[in-house]
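Visitor: Sequence below, structure please.
(chains A and B)
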Number of protein chains: 2
Amino acid sequence: MKNILIIGCGLLGSSLVKSIKRRKIAKKIFIFEKSKKNISKIKKLNLPGKVVKSLKDGVINADLIILCTPMSEYKNIILQMNDYISPNCLITDIGSSKIESSKIIKRFLKKGISWVSSHPIAGSEVSGPENGKTNMFVGRWCILIKGKDTKKINLNILKKFWKKNGSKIVVMTSEKHDKIFSITSHLPHLIAYNLVKSAQEFEKKQSYDLIKFSAGGLRDFSRIAASNEIMWRDIFFNNKNNISMAINLFIKNLKGFKKDINSKNNKSILKKLIQTKKVRSKIIKLKQDINKPDFGRN
Amino acid sequence: MKNILIIGCGLLGSSLVKSIKRRKIAKKIFIFEKSKKNISKIKKLNLPGKVVKSLKDGVINADLIILCTPMSEYKNIILQMNDYISPNCLITDIGSSKIESSKIIKRFLKKGISWVSSHPIAGSEVSGPENGKTNMFVGRWCILIKGKDTKKINLNILKKFWKKNGSKIVVMTSEKHDKIFSITSHLPHLIAYNLVKSAQEFEKKQSYDLIKFSAGGLRDFSRIAASNEIMWRDIFFNNKNNISMAINLFIKNLKGFKKDINSKNNKSILKKLIQTKKVRSKIIKLKQDINKPDFGRN
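Guide: From the prediction side, this is the model:
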C-alpha cells in the first residue's frame, strides 16, 4: 500500500500510526486531526506520520482512509471528503457500532466510493495520542463488516491490512455485530458507568466517604467508567435498540437475583453463582484476558 | 501474642498464616481446617502453622482466634467452641458483612467471651490455600467493628494485630459498615455475576459465540464473577436489606440511562458520563487501584 490517511489521532489513531510504521504497511502515513491540542501532542511525540493541514490534502493522496474519530463526526467528514475522494481509494472506520453508521455512509457518501467497516476490539480507559501503542492490535479480534454491496476485493485488502497489524479477523453483518457487542461491550460499559454513578449518589446522600473502600469491587468498574465520554455517548445512541434490549434482559435477571436474596433461596442463587464462574475460565482459555488473580495488581 | 488459631485456611486464612509468620506476630500458629482437600494442600505447601486435628485442640491454647470461614459456618463453630474457650481469649472474624453475624455471635457465643469483628478489604477471584499471599493485607484497609459492648482493650489488640500485618485501620459500627460495603463491594459483585449471567443467556438464545469477544468490557466483570460462590451467597443473604436498597438505586439509575439513550438526550448523558469519570481519578489518588491503563494487561 502506498498512502494511508488516519483521520482522528487519539488513542487508536495514534496506535495505528505507530503500528503501520513499525510493520512497514504503507509508504507514507498522513494524519488529519482537528484538535489543536492533539496536533501539538503528535508533534511533540514525533509520531511517524505527516500531519496534513486540511482534510483535502490527506484525502487526495490516500489509497486507504481510516476514520478513528467518534462516530458522530462521520457525517461531517464524509461531506467534506466527497469533493476530493478518488474511486480507487478504500475507506474504513473503527467505530464500535455499525448499523447506524452504515446508514450515514449509505446516505451521504458519494456513489462509487467503497467503504468497508472495521472494528478492532482494542482500546482502554485512557485517551489521546500520548497513550497510543505499537502493539495495540496484536492478538486482538478485528471484525470486518460484510453487507450486500461489500466487494470481496475490498474485504481482502482490509483482511490483509489488519492481519499485518497483528489482528485476528472475523467477518460478520452489522446486525450480528451490533447484537454481540451490545452484550459483550456496550452493556458492560453502561453498567460500569451506572454503578459508579449509583455509588456517587449514595455517597452524597449518606455523606459517607466510601470511594476509599472501593478495593472491594467498585474499582474494577471505575476503570471502564473512565472511558472517553464522547465515544461512548455515540456508541450508546447508535446502538440504542440492542442496548435497550440488553438493559431489559439485565434488569430482569437482576430482579431474579433480588428475589433469591430476599427469600434466601439457596439452591437458586448457588446455581447462578456457580454457572457464571465458568465464563471466566472460558475467557482465559480463549486468551481474552490474563490469567493472573486480581489482574496481577499486587 | 503467644498463640493464634486460624479457623478456615482458604485464600485469606492462608495469607494470614504466612503474614503472621513472616512478621513474627505470634509464637505459634494453629490451623483448623475441615476440608481434607485443603489440609493436604496446606501440608504440601508447608504452610508455617500447625494443623490441629480438632477444633478443641486449637481453641484451648489460643490467645486470638480468627474465623476465616464462610459466614454460614459461624454458628456451628461457635457452638463447638463454647465448651473449651477461655475468657482470656479474643475472637475475631474477617467476614464481609457484619449485622447478621453479630446477631449470631450475640445469640450463641458463651457469655463473657469477647468477639470484635474485623473486615480486611483484601481478597481476589481465586480461592484456596495455594493462593495465599504474605503481603495480602499490606496497605489495605481493615475495618474494625465497634458496638455498644466492645471493650477498648480488645479493639486495641486488634488494631495492633492488623497494623502489624500492614493494614490501615478504620473503626465503625456494623450498620455503617454494611451500608458502605453494600455499595462498594456487594452490589459490584452482584452486578458482575448478573452481567455474566445475562451474557450467557443471550449467547444461548442467539447461538452466537460471544464470549470470545469479551475483551471489549465483559472480561473485567468476569473476573469478579469468578469469586467463591459460598462466600458470596453468605454475603448477599446476610446483607440483604442494604443490598436490596442498592439494587433499587441501581435499577432506578439504569432506567435513567435507558431513557437518555432512547431519547438521545445528549446533555443529560454527557453530564453523567463525565461525572463518573472523576471517581477513577479519586480511586487512583487514594491508592485503591493501580494507575496503569487496562490494568497493565499488555
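Visitor: for the stretch 51-200 of chain A, what spans make up the strands?
Guide: A:64-67, A:90-93, A:114-115, A:118-120, A:141-145, A:168-172 (DSSP state E, counting those that start in this stretch).
Visitor: Return the residues of the stretch 1-150 of chain A in contact with chain B.
Guide: Residues of the stretch 1-150 of chain A lying near chain B by C-beta under 8 Å from any C-beta of the partner chain: A:96, A:121-126, A:131, A:133, A:135, A:140-141, A:143. C-beta: built from backbone N, CA, C; applies to glycine.
Visitor: if we can go back for a sec, can you list the strands of the stretch 51-200 of chain A in CSV and add distance to residue A:3?
Guide: CSV is the format used below for the strands of the stretch 51-200 of chain A (distance: least, C-beta to C-beta, whole Å):
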stretch, distance to residue A:3
strand A:64-67, 8
strand A:90-93, 12
strand A:114-115, 16
strand A:118-120, 18
strand A:141-145, 21
strand A:168-172, 23
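Visitor: Just give me the neighbour total for the residue nearest to residue A:23 when sequence neighbours are not counted.
Guide: What sits nearest to residue A:23 in space, not counting adjacent residues and going by C-beta to C-beta, 6 or more residues apart in numbering or on different chains, is residue A:164, at 5.5 Å. Residues near residue A:164, counting by other C-beta atoms under 10 Å in any protein chain shown, number 16.
Visitor: now residue A:164: how far from residue A:92?
Guide: 14 Å (C-beta to C-beta, to the nearest Å).
Visitor: picking that back up, from the residues of the stretch 1-150 of chain A next to chain B, keep the buried residues only.
Guide: A:96, A:121-126, A:131, A:133, A:140-141, A:143 (16 or more other C-beta atoms under 10 Å in any protein chain shown).
Visitor: List just the nearest of these to residue A:33.
Guide: Closest approach between those and residue A:33, by C-beta to C-beta: residue A:131, at 14.7 Å.
Visitor: Need the pLDDT of the closest one.
Guide: You'll see residue A:131 listed with a pLDDT of 95.
Visitor: what's it in contact with, if anything?
Guide: Applying C-beta atoms under 8 Å, 6 or more residues apart in numbering or on different chains to residue A:131 gives the contacts A:11, A:14, A:124, B:293.
Visitor: rerun that using 6 Å as the cut-off
Guide: residue A:11 (C-beta atoms under 6 Å, 6 or more residues apart in numbering or on different chains).
Visitor: The one 5 residues further on too?
Guide: When contacts are counted by C-beta under 6 Å, 6+ apart, residue A:136 touches A:15, A:122.
Visitor: 7 Å - rerun?
Guide: Contacts for residue A:136 (C-beta atoms under 7 Å, 6 or more residues apart in numbering or on different chains) come out as A:12, A:15, A:19, A:122.
Visitor: what pLDDT does it get?
Guide: 96.
Visitor: which of the residues of the stretch 1-150 of chain A next to chain B has the weakest pLDDT?
Guide: residue A:124 (84).
Visitor: Might one say that it is in contact with residue B:294?
Guide: Yes - using C-beta atoms under 7 Å, residue A:124 is in contact with residue B:294, at 4.1 Å.
Visitor: The closest residue to residue A:167 other than its chain neighbours bridge partners, please.
Guide: The shortest distance from residue A:167 to any non-neighbouring residue, by C-beta to C-beta, 6+ apart, is to residue A:142 (3.8 Å). With DSSP bridges applied, residue A:142 shows beta-bridge pairing to residue A:120, residue A:169.
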